[in-house]
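**Q** quick one, structure for this:
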Amino acid sequence: MRRHFSHYLVLLGILIIVIAGFKLFSFDRPFQIALVVASSLAYISWGIVHHWIHSDLYWEVVIEYTAIALLGSALILSLLL
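**A** Numbers count the residues shown, from 1 in each chain. Presented below is the predicted three-dimensional model:
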């Protein structure tokens, strides 16, 4: 966990920015939808970079991160729309 701390700090930063964006732009539904899409892409990118740095990047990992991002996006978008 310690050697990955900086990586998880970046992921936490992405999450904080998205939550702040939702709070600041609560009146702008299209912007919130864009935030959901952007955060999903950032999560997938973070996962790919994280596993690439540690030399354990496989197609299964990419598919897993994509599936989790799609599931989370579907959940949040269903609440927004």
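
**Q** hey, which helix is longest across the chain?
**A** Identified as the longest helix of the chain according to DSSP state H is helix 29-53.

**Q** average pLDDT across it?
**A** Averaged across helix 29-53, the pLDDT comes to 96.

**Q** and the gap between the residue nearest the centre of the chain and I76?
**A** Residue closest to the average C-alpha location in the chain (CA atoms, centre = their mean): Y43, at 2.9 Å. As judged by CB to CB, to the nearest Å, Y43 and I76 stand 12 Å apart. In short, each C-beta sits where N, CA and C put it, glycine included.

**Q** ok, G21 next?
**A** Per CB to CB, G21 is found 12 Å from I76.

**Q** surely F25 and V36 touch.
**A** No - between F25 and V36 there is no contact under CB atoms under 8 Å: 11.9 Å.

**Q** once you drop chain neighbours, what's closest to H4?
**A** Nearest non-adjacent residue to H4, counting by CB to CB, 6 or more residues apart in numbering: H50, 7.6 Å away.
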